[in-house]
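Visitor: Give me a model of this one.
(chains A, B, C and D)
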2 protein chains.
Amino acid sequence: MTTQTTHCSKPSARTRILKLAETAIIQKGFAGTSIDELVAGAGITKSGFFYHFRDKSELAIALLERHFEQDDEILDSVFARARELTDDPLQMYLTGLKLLAEVVADLRENHPGCLVASICYQDQLFNREVRELNQRGTLTWRTRFGGYLREVAAKHPPKIDVDLDELADMISTLVEGGIVLVKVLKEPKLLSRQILLYRSFVRAVFAGV
Amino acid sequence: MTTQTTHCSKPSARTRILKLAETAIIQKGFAGTSIDELVAGAGITKSGFFYHFRDKSELAIALLERHFEQDDEILDSVFARARELTDDPLQMYLTGLKLLAEVVADLRENHPGCLVASICYQDQLFNREVRELNQRGTLTWRTRFGGYLREVAAKHPPKIDVDLDELADMISTLVEGGIVLVKVLKEPKLLSRQILLYRSFVRAVFAGV
DNA sequence: CTCGCTACTGTACCGATGGTGTAGTGATGA
DNA sequence: TCATCACTACACCATCGGTACAGTAGCGAG
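Guide: So this is what the prediction gives:
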């Protein structure tokens, strides 16, 4: 065992814990995932866990950071691709949404973003840090989608009177809620269908059909 | 102490636990609410708790049942009132949504429905029973809103091609996600604004504006 | 070759929490 | 009078998050 970090195949214990924790939490929730279980799975001791993380909240923070980074990368690549395919801001946004719907359909069980709600609902157990991180991540979505929508509105004056920030928040709301409903109803396609419905709404707002 | 159930002012211990549990869980989550805390608040002993509930899951079940009943009553009254105010199915649905937006704005912190996600995200901790109850409750929403939408579509052929069940699910999705975002962003108005946005979409679908 | 650092191990312990079991009790209704 | 309901009282258990602290294998810098 011991340190095989530098030149060996095995990823560091910290990374192993993070990976294990992510899949476990998505399946069983944060409270349902014990530290003992993670250290056993990672082949380390409890002391080893607390060497890397001061407490369980710090694990949540690390997980959320990782998750938001991955989220951002996915959205970046999706909308970068959409921008390649068309020049018009509306078409690019609509294309991006279609690509996004395909991406989340692929993710199926393994939704990141589960983490946000999973951790949000523990609430009081967590410190300010976790809540603020969660908040920042969500506001990033508002900024991103709000930005796209302002580009769209500049070229295509809205036919329906809507607040662009609220329309941006709608996608976050649908994604968070969609993840809940996918779990509750066991209908994996629900989330991507809701994104496509949102897409219809956006088109109606700016193209009038 | 002892039994004051039959003729006294104090509600039964079971009811007191249920009430305490509801507010505590909404604030702190299910895992963050201890049985000891509830029995202390209700002025009974731990044995008393386990006399009424086999385990903590059974408390969750009782809470969810209560919650779904209340939900149903609220929606019944909201859409009954809307039906009083207009004859046209579209106008009645739009009015109902506006009333609903006002109701959830009033509820503020005290969102029922929090429970659904709060319990859903504990997941594995719970048995099949809890999950099925959760599922049934959500399908009730689909049936209700799907029903309204079919009435609407019968009189007002949709201008935009959408699946009515998906449009019905959209309100559930927005409510569940909205509750998450209200908590994360600490923006209590977000949920009712999302409901009003949904309302704009519905109007665009059926009235074309 | 030693020194200090990183990344752990091992052991022992703590309080809170969920849960079990069993015996007993006061009030109510048939 | 007797059973049932709605509990109490007390003892006990495993799990879990967390603390404390001493020790150690491997690595790079000097």
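Visitor: Look up the closest residue to A:Lys155, ignoring the ones flanking it.
Guide: Closest residue in space to A:Lys155, ignoring its immediate chain neighbours: A:Pro89 at 5.5 Å, by CB to CB, 6 or more residues apart in numbering or on different chains. C-beta: built from backbone N, CA, C; applies to glycine.
Visitor: need the contact list for the one you found.
Guide: A:Pro89 is in contact with A:148, A:151-152, A:154-156, counting by CB atoms under 8 Å, 6 or more residues apart in numbering or on different chains.
Visitor: try 7 Å
Guide: A:151-152, A:155 (CB atoms under 7 Å, 6 or more residues apart in numbering or on different chains).
Visitor: so which of those is the most crowded?
Guide: The most crowded member of the contacts of A:Pro89, judged by other CB atoms under 10 Å in any protein chain shown, is A:Val152 (24 neighbours).
Visitor: after the lengthiest helix in chain A comes which helix or strand?
Guide: Using DSSP state H, we find that the single longest helix of chain A is helix A:56-85. Next in sequence after helix A:56-85, counting helices and strands by DSSP states H and E, comes helix A:89-107.
Visitor: For chain A, which element, helix or strand, carries the lowest mean pLDDT?
Guide: The helix or strand of chain A with the poorest confidence is helix A:114-120; it has a mean of 69 (mean pLDDT, DSSP states H and E).
Visitor: what about the helix or strand just after it and DNA strand D, any contact?
Guide: As assigned by DSSP H and E, the chain's next helix or strand after helix A:114-120 is helix A:128-155. No: residues of helix A:128-155 contacting DNA strand D under CB under 7 Å from any atom of the strand: none, with a closest distance of 11.6 Å.
Visitor: Show me which parts of helix A:128-155 are buried, residue by residue.
Guide: Within helix A:128-155, the residues that qualify as buried are A:130-131, A:133-135, A:137-138, A:141-142, A:144-146, A:148-149, A:152-153, counting by 16 or more other CB atoms under 10 Å in any protein chain shown.
Visitor: what inclination does it have with respect to helix A:89-107?
Guide: 140 degrees (axes from the mean of the first three to the mean of the last three CA atoms, to 10 degrees).
Visitor: Residue in chain A with the shortest distance to chain B?
Guide: Residue of chain A nearest chain B, by CB to the nearest CB: A:Gly177 (2.7 Å).
Visitor: any idea how far that residue lies from A:Leu63?
Guide: A:Gly177 is 21 Å from A:Leu63, where distance means CB to CB, to the nearest Å.
Visitor: in chain A, which segments are predicted with low confidence?
Guide: A:1-10, A:108-114, A:117, A:120-127 (pLDDT under 70).
Visitor: quick one: the closest residue to A:Leu97 other than its chain neighbours and A:Leu63, what's the gap?
Guide: Excluding the flanking residues, the one nearest A:Leu97 by CB to CB, 6+ apart is A:Arg199, at 4.2 Å. Relative to A:Leu63, A:Arg199 is positioned 30 Å away (CB to CB).
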